[in-house]
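A.B. asks: here's my sequence, what's the structure:
(chains A and B)
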There are 2 protein chains.
Amino acid sequence: MFQSAWTEKLGIRYPILLAPMAGGPSTPELVAAVSNAGGLGSVGAGYLKPDQIRSAIHEIRKLTDRPFGVNLFVPELPDTTDEAAAEMIKHLNTYRTELGLTPIKELPVVAETFAEQVQVLLDEQVAVFSFTFGIPSKDILDAMKKKGITVIGTATTVEEAKRLEASGIDAIVAQGSEAGGHRGTFIGQAEDALIGTMALVPQIVDHVSIPVIASGGIMDGRGMAASFALGAAAVQMGTAFLAAPESGAHAVYKEKLLTSPEDSTEVTRSYSGKPARGIRTAFMDDMRGYTGTIPAYPIQNALTREIRQAAAKANNPELMSLWAGQGLRLATSREAAAIMEQTIGQAEELVKRMSAL
Amino acid sequence: MFQSAWTEKLGIRYPILLAPMAGGPSTPELVAAVSNAGGLGSVGAGYLKPDQIRSAIHEIRKLTDRPFGVNLFVPELPDTTDEAAAEMIKHLNTYRTELGLTPIKELPVVAETFAEQVQVLLDEQVAVFSFTFGIPSKDILDAMKKKGITVIGTATTVEEAKRLEASGIDAIVAQGSEAGGHRGTFIGQAEDALIGTMALVPQIVDHVSIPVIASGGIMDGRGMAASFALGAAAVQMGTAFLAAPESGAHAVYKEKLLTSPEDSTEVTRSYSGKPARGIRTAFMDDMRGYTGTIPAYPIQNALTREIRQAAAKANNPELMSLWAGQGLRLATSREAAAIMEQTIGQAEELVKRMSAL
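C.D. replies: Numbering: from 1, shown residues only, chains lettered A, B, ... in the order given. Predicted coordinates:
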C-alpha cells in the first residue's frame, strides 16, 4: 500500500522519509535503520565538513545496502553588520563565562564549504540529495542529474514550490508550520510562511506536477494516511524518530521531548539566526528580551555553537537547542524499525476502516 | 460514508459543520443552505443582541427544517487599564477622522448580554449550542442538557480539550492554527497555542473520549478525508464557504479572499483585542508599530467597530477585518450546496482510491 511509480524508482518500499536532522540526531544507525525498514533514511549534513560527510556515508553503507539521502543547506550571504555581531558577542559572553568557556572578542571563521559538500555527494553517488534554504545552481542540479541522483527541495509556500519545480528537481518537501527545526523558507520572511500542513499540502499539490512530500506534525499512521488524502506522495517524519535509541539526540533532549506538551514549542531565530521550531528554553526566553539585532545565519549559529556544546556537556537543556515539531506528545522511545512498522500498519488499517464506513 | 452514531443523533447526514462566522458572513441563507445540504449550519452570534439572535433563528427556520447551531462567546472580564483605552481612543481617532466619523473621547458602553443570549437559545431550543473563549457555567450547561441541546466547545490545546470534556459537553472542535477568525484559546496565551491541525487533532483524540471535530485549513474533500484519518468525527469549515453567494461577507472581502495566497494571513490582536487570523491589511501593519497596549476584548472590538463599518461602506478593505484561514487559495465562489457536494464526493472518492492502492 502507498507505493507509487516514484517510490519504486527511488527503490524504497514505503513512502516514509526520515527528516534530515542536522547537528546530531541523524546518526548512521538511525539513517540505516529507517532505510532497512523500507523507508528512506537521511543525514542532516548541513553542519558537517566534507570529510565528515564522506565518513558518515561510508558508515551508513556498512549498515545498509538500501538507498538513503543526504541533506545540505544552500548558503546565503548573511547581511549582518559588524556592530550587530559585536553586540551579540558581548551578550553571549555572559553565557560563556557561566559555562566556563573563555569569552571571545571576534567572530569565529565561518568557512564556506557548500561546493565541497556537494562534491562529496557526487563522488559517492548517494541515492538522494535533498536541500533547504534555497535552490542550488543549475550546474549543481545538472551534475546531480547526470549521476542519477534524485534531488528533493523544500518549500514552505506555493510560490517556493513553483520555483523549485521550475528548477527541474524531482520532488518537493512541503514543510508545514508544525515541523521541528529550521524553516526552509527562501522567499520572503519565514514568520509569514508558517502554513499548517493541512492547508499547505493540497495548495502545493494543486500548483506543481512533481511528487509532494508532506512534512510537519506527522507522527504516526494517522498522519501518514491524512497526508495521502491531502495528495502527498510520501511523508517526511523527524520528531517521530528523535527519541528512538538510534537517534543521536542528547539524553536530556530526548527526555524533554518525551515529557513536553504540544504547545511547548516556538519558532526562534535566537540559536542560529534562522527561524527554527524548538521546545522553549530559558535561552529563548532571554533572547526575546534582547534589544539588539540577532545576526543572520550562519553568524549567530557560529556564535552560539560552543555555548550549546558546553550546555550539552553540562546536561543543561535550557541553553541547548531542542528542535522539535508540534506533534511531540506522540513521540516515542521505541526503535526506529518499530516506529516504521507501527506507522505503516496503522495507516493501512485506517484506510481499510475508512473505506468500510 | 463518514456517518457515525454521533451524526445520527445530531440528525445530520454528513459530518460537516459550518464554522460560526460572527460579524456578517453567517447569514440565515448560508446557515440554511449548509443544513439543507445535509451538514450543520451555524450562526456566529457572538456579536448579536438577544433579539437579533431570535430573529436570525426564526429566519433560518423559514428556510430549513433541519438542525443548525448557534455559537456564542463566553465572556471574560477585560483587564484593560483606563490609560491604555484612552491612548487607543486617541490613536484610533485618526482613522475616524479619515473615514468621516466624529472623534470619540470615551469608551462606548460594552453591555454584557451573554445570559440573555443563552436564554434565547434555551427558549428556542436550538439543536446545537457551540461556544468559544472558555467554558460556560455548570448552570448553563445543565439547562442546555435539560432541553436536549447538543453542546460543542472549542479547544486549541490538549489541556483545553480535557477541561472541556470534564465539563460534560458533547463534542469538541479542535481548532488548528490554520483556522481563520478568532482563536478559541482560554488557557494561557493564544500565540503559544497555534498548533497545526495535523498535529493537534490526533493529540486531542488521544486524550478525550467525546467526538472531536477538526477545524483549520480544511477546504475540500481532501481535508475532510485527512481529518477522518487523524481521528476526527466531523470537520468544521469556514473559509471554504466565505465567498459563497449566500455568505454575508462584504464584496471586497470576498474578492480579497479569492485573490490572496496562502501566506497572506496573520494572527492579530489589533481589531478586537483577541488574537484572530485574517488577511493582512494596512490597519494590521500600522498597529504592529503601535507602542501602547492594545486593550483587551471586548474593549478594542468596541473601539474599532465603527471604523470597520465605515471602511466597509467606503469599500476600503485595508481598514476592515478580513478573517480567513490559511487554505484560502482553495476558496471558491460557488454556492454552499455545490461546495458541500464537491467536498463529500471528493472525500468518498479519495477513500476508495486510497484503499485500492
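A.B. asks: any stretches of chain A with poor pLDDT?
C.D. replies: Along chain A, segments meeting pLDDT under 70 span A:357.
A.B. asks: please, where are all the strands along it?
C.D. replies: Along chain A, counting by DSSP state E, strands occupy A:16-18, A:41-44, A:68-73, A:128-132, A:150-155, A:171-175, A:181-182, A:212-215, A:234-237, A:265-268, A:276-279.
A.B. asks: what's the closest of the ones you listed to B:Gly289?
C.D. replies: Among those, the nearest to B:Gly289 by CB to CB is strand A:265-268 (21.4 Å). In this view, the C-beta of every residue, glycine as well, is placed from N, C-alpha and C.
A.B. asks: is any residue of that closest one near chain B?
C.D. replies: Yes. Interface with chain B: strand A:265-268 contributes A:Glu266 (CB under 8 Å from any CB of the partner chain).
A.B. asks: what comes into contact with that strand?
C.D. replies: With contact meaning CB atoms under 8 Å, 6 or more residues apart in numbering or on different chains, strand A:265-268 is reached by A:180, A:183, A:190-191, A:194, A:275-280, A:284, A:287, A:324-326, A:328, B:192.
A.B. asks: try stretch A:307-319
C.D. replies: With CB under 8 Å, 6+ apart, stretch A:307-319 has contacts from A:92, A:95-96, A:99-101, A:250-253, A:255-256, A:271, A:279, A:281-283, A:320-321.
A.B. asks: hmm, back to that, could you pick out the buried ones from the contacts of strand A:265-268?
C.D. replies: When those are checked for burial by 16 or more other CB atoms under 10 Å in any protein chain shown, the buried set is A:180, A:183, A:190, A:194, A:275-280, A:284, A:287, A:324-326, A:328, B:192.
A.B. asks: if we can go back for a sec, among the strands of chain A, which is nearest B:Phe2?
C.D. replies: Minimum separation from B:Phe2 across the strands of chain A (CB to CB) falls at strand A:212-215, 21.7 Å.
A.B. asks: near chain B, which residues of the stretch 101-250 of chain A?
C.D. replies: A:157-159, A:176-178, A:188, A:192-200, A:202-203, A:206, A:216-220, A:222-223, A:225-231.
A.B. asks: repeat that with 6 Å
C.D. replies: Within the stretch 101-250 of chain A, the positions near chain B by CB under 6 Å from any CB of the partner chain are A:157, A:176-178, A:192-193, A:195-199, A:202-203, A:217, A:222, A:225-226, A:228-231.
A.B. asks: among these, name the buried ones.
C.D. replies: Burial by neighbour count, judged by 16+ other CB under 10 Å, picks out A:157, A:176-178, A:192-193, A:195-199, A:202-203, A:217, A:222, A:225-226, A:228-231 from those.
A.B. asks: who are the contact partners of A:Arg54?
C.D. replies: Residues in contact with A:Arg54 (CB atoms under 6 Å, 6 or more residues apart in numbering or on different chains) are A:Val120.
A.B. asks: thinking again about what came up before, from the residues of the stretch 101-250 of chain A next to chain B, which land in helices?
C.D. replies: If you go by DSSP state H, those have A:197-199, A:202-203, A:222, A:225-226, A:228-229 in helices.
A.B. asks: B:Ala296: which of those residues is nearest?
C.D. replies: Closest approach to B:Ala296 among these (CB to CB): A:Ala199, at 28.6 Å.
A.B. asks: any idea how far A:Phe283 is from A:Gly100?
C.D. replies: With distances taken as CB to CB, to the nearest Å, A:Phe283 is found 17 Å from A:Gly100.
A.B. asks: which of these two has more neighbours?
C.D. replies: Between A:Phe283 and A:Gly100, A:Phe283 has the larger neighbour count (other CB atoms under 10 Å in any protein chain shown), namely 25 against 9.
A.B. asks: distance of the more buried one relative to chain B?
C.D. replies: Remark: distance between A:Phe283 and chain B (CB to the nearest CB, to the nearest Å) = 17 Å.
A.B. asks: chain neighbours aside, what residue packs nearest to that residue?
C.D. replies: Nearest non-adjacent residue to A:Phe283, counting by CB to CB, 6 or more residues apart in numbering or on different chains: A:Leu319, 5.0 Å away.
A.B. asks: neighbours of the one you found, how many?
C.D. replies: Residue neighbour count, defined by other CB under 10 Å, stands at 22 for A:Leu319.
A.B. asks: can you list the strands of chain A in TSV and add distance to B:Pro25?
C.D. replies: Shown next, in TSV, are the strands of chain A (distance: least, CB to CB, whole Å):
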stretch	distance to B:Pro25
strand A:16-18	40
strand A:41-44	44
strand A:68-73	43
strand A:128-132	38
strand A:150-155	31
strand A:171-175	29
strand A:181-182	37
strand A:212-215	30
strand A:234-237	34
strand A:265-268	30
strand A:276-279	32
